[in-house]
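Undergrad: coords please:
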Amino acid sequence: MLALELFFFLLLILVAAEVFVNALEHLGERLKISEGVTGSLFAAVGTALPETIVPLLAIFGGTQNQQINEEFGVGAILGAPLMLSTLSLFLMALSVWKHRGSQGHLTPERSGLTRDLNFFLAAFSLSCVALFVPHETAGVRTAIAFVMVLIYFFYVMLTLKASEKLVKDGHATEADKPMLLTRAGLPHGWFAIFLQLGIGLGLLVTGAKGFIHGIEAAAPLLGVSALVLSLMIVPIATELPEKVNSILWIRKHKDTLAFGNITGAMVFQGTLLPAIGILLTPWAARLEVLSGVVITLLAATWLRFMLSRGQLRVWMLGVNGLLYVSYLAIVLG
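TA: Residues are numbered from 1 along each chain as shown. Modelled structure (predicted):
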């Protein structure tokens, strides 16, 4: 019965991702914005709602046990960028491995991807530093959290500023299929776009929450702690929207949207939520936490380094997959 429940909510997430992506492409095309803005801001923040809600609910009273709430919150906050920078990027590359080959080129718009990775590395490095700042030193922690929020604010400003030039250079968002609601007879326009976006987001959140509930029910059978559960298992469910959306886009050769959806979510998940965690949880350098942070930084640094050397190739994201396996070996070993 539990397996059927997990399968149902997984299927719901897949359907919701297609509905959301379809409406988002039409929104970006109508606004005449670049694929970078559509992927890194709109899609990233929209599909990040499930993994944003989970740690916030946990921190602000998920259970009667405050320690479990804090462990679950910290794990969910740090597990999201870990999953995005390793397993999500690998699955995206794996989806085109057969058609493009291991030496096949990945062609995201370089300036936007570089900006995403630079901002993520800067912010997430601060969250790593904060692991070693005593909780009693409230002033230092508050300062670090404030800087991380500012980093995201400047990131949004620069991403929006770059949009106009990218559109002129041929990187405008283009929808390749009619909107699903217009096929059902609804006139194409702002109302139809926002209605379909709302339906897609609602289904994404419902599917992710249901999937999480099923995983939590299975957790006792696995014999894992709340921290390990939230670091390793919860992100698999909450990150499904990003993975599915990016796989759909990269298979359509929309590499900028595919990468932007993941790296934009990394910036969002690596700034605002860690800032909350730094302020409201112990945020200590336990083995499971520190190893996850370090591997996340290594994965993002690897992608940034390969991007600086020239064109990205499919095999390079296999390294990100190996880093995720390395994390599992550290935690489970």
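
Undergrad: my guess is L231 meets E288, correct?
TA: Yes: at 5.9 Å, L231 counts as touching E288 under the criterion of Cβ atoms under 8 Å. C-beta: built from backbone N, CA, C; applies to glycine.

Undergrad: so which helix or strand takes in the spatially most central residue of the chain?
TA: The residue lying closest to the centre of the chain (Cα atoms, centre = their mean) is A265, at 3.9 Å. Using DSSP states H and E, A265 falls within helix 255-269.

Undergrad: and the next helix or strand past that helix?
TA: For helix 255-269, the following helix or strand on the C-terminal side (DSSP H and E) is helix 272-280.

Undergrad: got the contact list for that next one?
TA: 52, 55-56, 59, 73-74, 77-78, 80, 123-124, 127, 130, 141-142, 144-146, 148-149, 152, 283 (Cβ atoms under 8 Å, 6 or more residues apart in numbering).

Undergrad: which residues are in contact with each of L231 and E288?
TA: G75, V331.

Undergrad: between the two, tell me which one has more neighbours.
TA: L231 (28 against 21; other Cβ atoms under 10 Å).

Undergrad: can you pull out the strands in the stretch 101-250 of the chain?
TA: Ranges of strands in the stretch 101-250 of the chain, per DSSP state E, counting those that start in this stretch, are 105-106.

Undergrad: give me the neighbour count for the closest residue to V74 other than its chain neighbours.
TA: Nearest non-adjacent residue to V74, counting by Cβ to Cβ, 6 or more residues apart in numbering: T281, 5.2 Å away. Neighbours of T281 under the rule other Cβ under 10 Å: 20.

Undergrad: and T281, how far is that from W97?
TA: T281 is 39 Å from W97, where distance means Cβ to Cβ, to the nearest Å.

Undergrad: got it, and V21?
TA: Using Cβ to Cβ, V21 is found at 21 Å from W97.

Undergrad: okay, the two: which has more neighbours?
TA: Between V21 and W97, V21 has the larger neighbour count (other Cβ under 10 Å), namely 25 against 15.

Undergrad: distance check, the more buried one against V15.
TA: 11 Å.

Undergrad: what does V129 give?
TA: Distance of V129 to V15, given as Cβ to Cβ: 41 Å.

Undergrad: wait, V289 touches L78, no?
TA: Yes: assessed by Cβ under 8 Å, V289 is found in contact with L78 at 6.1 Å.

Undergrad: who's more crowded, these two?
TA: Set V289 next to L78 and count neighbours by other Cβ under 10 Å: L78 wins out with 31 against 22.

Undergrad: so where's the protein uncertain?
TA: The chain contains residues with pLDDT under 70 at 33-72, 163-176, 208, 212-213, 215-230, 232-234, 237-242, 333.

Undergrad: phi, psi for the residue located most distally from the centre of it please.
TA: In the chain, G185 marks the outermost C-alpha relative to the chain mean, sitting 33.3 Å out by Cα atoms, centre = their mean. Phi and psi for G185, reported as degrees, to the nearest 10, are phi 110, psi 0.

Undergrad: repeat for H188
TA: According to degrees, to the nearest 10, H188 has phi -70, psi 130.

Undergrad: same check, this time on R313
TA: According to degrees, to the nearest 10, R313 has phi -120, psi 160.

Undergrad: residues contacting it?
TA: Residues in contact with R313 (Cβ under 8 Å, 6+ apart) are S102, Q103, G104, H105, L106.

Undergrad: same list (the residues you listed) but as a markdown table, adding neighbour count and distance to V244.
TA: Shown next, in a markdown table, are those (neighbours: other Cβ atoms under 10 Å; distance: Cβ to Cβ, whole Å):
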| residue | neighbour count | distance to V244 |
| --- | --- | --- |
| S102 | 11 | 23 |
| Q103 | 8 | 26 |
| G104 | 16 | 21 |
| H105 | 12 | 23 |
| L106 | 22 | 18 |
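
Undergrad: return the closest of the residues you listed with respect to G270.
TA: L106 (21.6 Å; Cβ to Cβ).

Undergrad: excluding sequence neighbours, find me the nearest residue to the closest one.
TA: L312 (4.1 Å).

Undergrad: and the helices in the stretch 101-250 of the chain?
TA: Assigned helices in the stretch 101-250 of the chain, in chain order: 110-130, 138-168, 180-183, 190-222, 226-228, 234-238, 240-251 (criterion: DSSP state H, counting those that start in this stretch).

Undergrad: nearest to H26, out of those?
TA: Nearest of those (Cβ to Cβ): helix 190-222, 5.4 Å.

Undergrad: with adjacent residues omitted, what lies nearest to A23?
TA: Counting by Cβ to Cβ, 6+ apart, Q196 is the residue found nearest to A23 once chain neighbours are left out, at 3.8 Å.
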